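Q: Sequence unavailable; structure follows:
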């Protein structure tokens, strides 16, 4: 089966730099994948990406060694299983708040006897290889998102679920849940304390901790703390930022019109 480079990177103690895909287009996904991200996450929870667009984006990512990850809309077995059947090598599930929900997440993403995933890896066989059915349980990476006060209350119960590989922090939702500003990097003190607590408990349980970041500087600071999966911005935000930089330079020094030397006949 094709290697899941996230697992290899984490085993060596490294941190994965993850890109975020909000634009429902194969070419933009392919362009992002060729820039060297360790992984790219297709976001089905927020934004405008649907299932069919996701399939084309997974195909585009597979032209590289970048690991394809999908954030599903919710803890829904149909969404989880179809994303896996399409070739996702990692799944991020939002709003996992209890041990029972974490157990369901693990069950939906693993074949029997370890879970209840239904068999039908139509594209996953093409991406992963002929032995996908035998190796998928140990290759796919499953993230539970910790982003609510309820999840914080149940944190150790969630993290102790066998088969869960990692947690992923959504700073904005966590901030709202704690009555703070919904931001990625410069979070308010109660959120910063909660993030540090999640990281510490994840390490204690032998799980990888991941988090969303708005800037490279924010992501690097969190890698230094021990996060091993850091998302930086998104394709849409990067396009907007690049365009803004170009236009800011152009507006600061408006180009002069150059008279034409051509003759009119």
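A: It's in. Note that the structure is a prediction, hence the values are computed from the model and not measured. Numbering: from 1, shown residues only.

Q: tell me the contacts of the spatially most central residue of the chain?
A: By C-alpha atoms, centre = their mean, the chain has its centre lying nearest to residue 41, at 4.0 Å. By C-beta atoms under 8 Å, 6 or more residues apart in numbering, the contact set of residue 41 is 18-21, 69-71, 90, 92, 231. Glycine gets a C-beta too; all of them are placed from N, C-alpha and C.

Q: do residue 163 as well
A: Contacts of residue 163 by C-beta under 8 Å, 6+ apart are 106, 110, 114-115, 142.

Q: let's see it at 10 Å
A: 102-103, 105-107, 109-110, 114-115, 137, 142 (C-beta atoms under 10 Å, 6 or more residues apart in numbering).

Q: Can you tell me the SS state at it?
A: On the three-state scheme (DSSP: H, G, I helix; E, B strand; the rest coil), residue 163 is labelled coil.

Q: likewise the one 5 residues further on?
A: Classification of residue 168 into helix, strand or coil gives strand, according to three-state DSSP.

Q: With residue 231 instead?
A: strand.

Q: All further residue positions should be reported with the first residue as 150.
A: Sure, I'll start numbering at 150, so the last one becomes residue 380.

Q: Which stretches in the stretch 250-399 of the chain count as strands?
A: In the stretch 250-399 of the chain, the strands defined using DSSP state E, counting those that start in this stretch lie at 290-295, 315-318, 357-362, 378-381.

Q: Relative to residue 185, which of those is closest?
A: strand 378-381 (12.4 Å; C-beta to C-beta).

Q: just how off-centre is that closest one within its chain?
A: Chain-centre distance of strand 378-381: 7 Å, with C-alpha atoms, centre = their mean, to the nearest Å.

Q: Counting by contacts, list what it packs against.
A: In terms of contacts (3 or more C-beta pairs under 10 Å, 6 or more residues apart in numbering; DSSP states H and E), strand 378-381 is packed against helix 154-160, strand 165-170, strand 188-192, strand 216-220, strand 239-242, strand 315-318, strand 357-362, helix 365-374.

Q: These into CSV, with extra columns for mean pLDDT?
A: CSV is the format used below for those (pLDDT from 0 to 100):
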stretch, mean pLDDT
helix 154-160, 98
strand 165-170, 98
strand 188-192, 98
strand 216-220, 98
strand 239-242, 98
strand 315-318, 98
strand 357-362, 98
helix 365-374, 98
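
Q: Quick one: closest of the ones you listed to residue 276.
A: Residue 276 lies closest to strand 216-220 among these, at 7.8 Å (C-beta to C-beta).
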